[in-house]
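**Q** need coordinates for the below:
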Amino acid sequence: MAVELDDKQIIEYLRHHPDFFLHHRDLLMELELPHNSGDAISLIERQVQLLRTQRNELTQRLENLTANARENEALSEDLHQFMLVLLDADNLDDVFGIVEDYMKSEFDADAIAIRLISGGLTDELIDHKIRVLDNKIFPAFEKMLMAGNPSCDPLNREQLYYLFGEDAADIASNVVIPLSDGEMIYGLLAIGSSDPERYQAEMGTIFLRRFGEFLTHNLIQFMVSD
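**A** The predicted structure follows:
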């Protein structure tokens, strides 16, 4: 008496005997699978299609990894050059000018804002570009600053206006980089773009974090400790 097997039993048998078709090659040519075009194709043809698809996916992933590696190498070189230039800054106004030029030329920024916490700023910091992040404003940015990582989350209207003033209406995407040495928060660097796709939440932030760390250490020398 023949025993009928259900689909689950057949699947389990084939899973535990992956060499089954090696001993029954003629069966492979008899098996047919439905195709999107409506025509039936053999299992071998289907396997070839799947392998070709997997190969194309792997090729695309490799190309993406290669492109990312080249971009990261270029960013590292840019950061190195930026560091060398920033070391020649004589005051905070120089620092801002260097940061602004760098971000607009290398990072496609349309607007830049540096806001420093008021404690211990030198008198030369009276500037419309580098302003104080006072106690009234700090709570609006406290969450992202306390997180310690660059944030590409969209800012609300009030935050944008405080940072970018009359340019706020043109900002469609942004980055906020905490200026911290790991122990103290000294302020923030905000970068804005009119392109809504320029700065996205999923973009990598390792480069931005390193940029913020170096900028912070450079700023400290122009700030008086409490």
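**Q** strands of this structure, residue ranges please.
**A** Counting by DSSP state E, the chain has strands at residues 32-34, 40-42, 111-116, 130-132, 173-180, 185-193.
**Q** closest one to P150 among those strands?
**A** strand 173-180 (4.6 Å; Cβ to Cβ). Where C-beta positions appear, they are placed from N, C-alpha and C, glycine not excepted.
**Q** give me the contacts around that closest one.
**A** Applying Cβ atoms under 8 Å, 6 or more residues apart in numbering, the contact partners of strand 173-180 are 114, 116, 141, 144-145, 147-152, 154-155, 160, 185-193, 195-200, 208-209, 211-213, 215-216, 219.
**Q** same question, stretch 96-114
**A** Residues from elsewhere that reach stretch 96-114 (Cβ under 8 Å, 6+ apart): 78, 82, 85-86, 89, 127, 129-131, 163-164, 167, 170-171, 179, 187-195, 198, 215.
**Q** let's see it at 6 Å
**A** Residues from elsewhere that reach stretch 96-114 (Cβ atoms under 6 Å, 6 or more residues apart in numbering): 78, 82, 85-86, 129-130, 163-164, 167, 189-194.
**Q** need the distance between the two termini of that stretch.
**A** 8 Å (Cα to Cα, to the nearest Å).
**Q** picking up where we left off before, buried members of the contacts of strand 173-180 into PyMOL, please.
**A** Of the contacts of strand 173-180, the buried ones go into a single PyMOL selection, burial set by 16 or more other Cβ atoms under 10 Å:
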select buried, resi 114+116+141+144+145+150+151+152+155+160+185+186+187+188+189+190+191+192+193+198+199+208+209+211+212+213+215+216+219
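**Q** tell me which of the contacts of strand 173-180 fall in helices.
**A** Mapping those onto helices (DSSP state H) picks out 141, 144-145, 147, 160, 208-209, 211-213, 215-216, 219.
**Q** closest to K8 out of the residues you listed?
**A** Using Cβ to Cβ, the ones in helices among the contacts of strand 173-180 come closest to K8 at A147, 49.0 Å.
**Q** what is the burial count for the nearest residue to the closest one once chain neighbours are set aside?
**A** The shortest distance from A147 to any non-neighbouring residue, by Cβ to Cβ, 6 or more residues apart in numbering, is to P178 (7.6 Å). The local packing of P178 (other Cβ atoms under 10 Å) involves 22 other residues.
**Q** beta partners of P178?
**A** Beta-bridge partners for P178, by DSSP bridges, are L188.
**Q** any idea how far it is from F20?
**A** In this view, P178 and F20 are 60 Å apart by Cβ to Cβ, to the nearest Å.
**Q** same check on G212?
**A** In this view, G212 and F20 are 59 Å apart by Cβ to Cβ.
**Q** for stretch 163-173, which positions count as buried?
**A** With burial defined by 16+ other Cβ under 10 Å, the residues of stretch 163-173 counted as buried are L163, F164, D167, A168, I171, S173.
**Q** quick check: mean pLDDT of stretch 76-87?
**A** Per-residue pLDDT values over stretch 76-87 give a mean of 76.
**Q** measure T216 to L155 for me?
**A** Using Cβ to Cβ, one obtains 21 Å as the distance from T216 to L155.
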